[in-house]
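*Asks:* this one's sequence-less:
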């Protein structure tokens, strides 16, 4: 069982930056692909970014590529999402997710087995 806790959300003006963190419990973190998803009011949860369990591969949604950076520190059981040049349309609850051990990188939320409780990010115009 893996428990995930997101921190770092908040209110920021357009053009600003925020860094989200997701701490994971358990001894298997280094073997899990990790992802960030977000859900705005009235919309479905959507993929934002993912990083392979090796940390060597990453993937981003087109809407955030070039502005957001996902990274992980396996020694700290933590995955990060650095968000720069934020836009009002980035406003959402951001969720951290973990896939199965040794699993491939995935953009599909159904491939993730564990989810955090979410952290609110609000970008004002």
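*Replies:* Alright, I've got the coordinates. As the structure is a computational prediction, the values presented were derived from the model and not from experiment.

*Asks:* assumed residue 19 was part of a helix.
*Replies:* No. According to DSSP: H, G, I helix; E, B strand; the rest coil, residue 19 belongs to no helix; its state is strand.

*Asks:* show me what the residue nearest the centre of the chain is bridged to.
*Replies:* For the chain, residue 36 is the residue whose C-alpha lies nearest the centre (CA atoms, centre = their mean; 2.2 Å). Beta-bridge pairing for residue 36 (DSSP bridges): residue 49, residue 96.

*Asks:* hang on, it packs against residue 49?
*Replies:* Yes. Counting by CB atoms under 8 Å, residue 36 does reach residue 49; the two are 4.9 Å apart. Quick note: C-beta positions are derived from backbone N, CA and C, even for glycine.

*Asks:* who touches both of the two?
*Replies:* Residues touching both residue 36 and residue 49 (CB atoms under 8 Å, 6 or more residues apart in numbering): 70, 81.

*Asks:* who's in contact with the residue nearest to the centre of the chain?
*Replies:* The contact partners of residue 36, taken as CB under 8 Å, 6+ apart, are 20, 22, 48-50, 70, 79, 81, 94-97.

*Asks:* among these, who's most crowded?
*Replies:* residue 79 (30 neighbours; other CB atoms under 10 Å).

*Asks:* and that residue, how far from residue 107?
*Replies:* Residue 79 sits 16 Å away from residue 107, going by CB to CB, to the nearest Å.

*Asks:* ends of stretch 98-118, what's the gap?
*Replies:* End-to-end distance of stretch 98-118 (CA to CA, to the nearest Å): 13 Å.

*Asks:* what is the burial count for residue 121?
*Replies:* When neighbours are counted by other CB under 10 Å, residue 121 comes out with 22.

*Asks:* try residue 55
*Replies:* Applying other CB under 10 Å, I find that residue 55 has 15 neighbouring residues.
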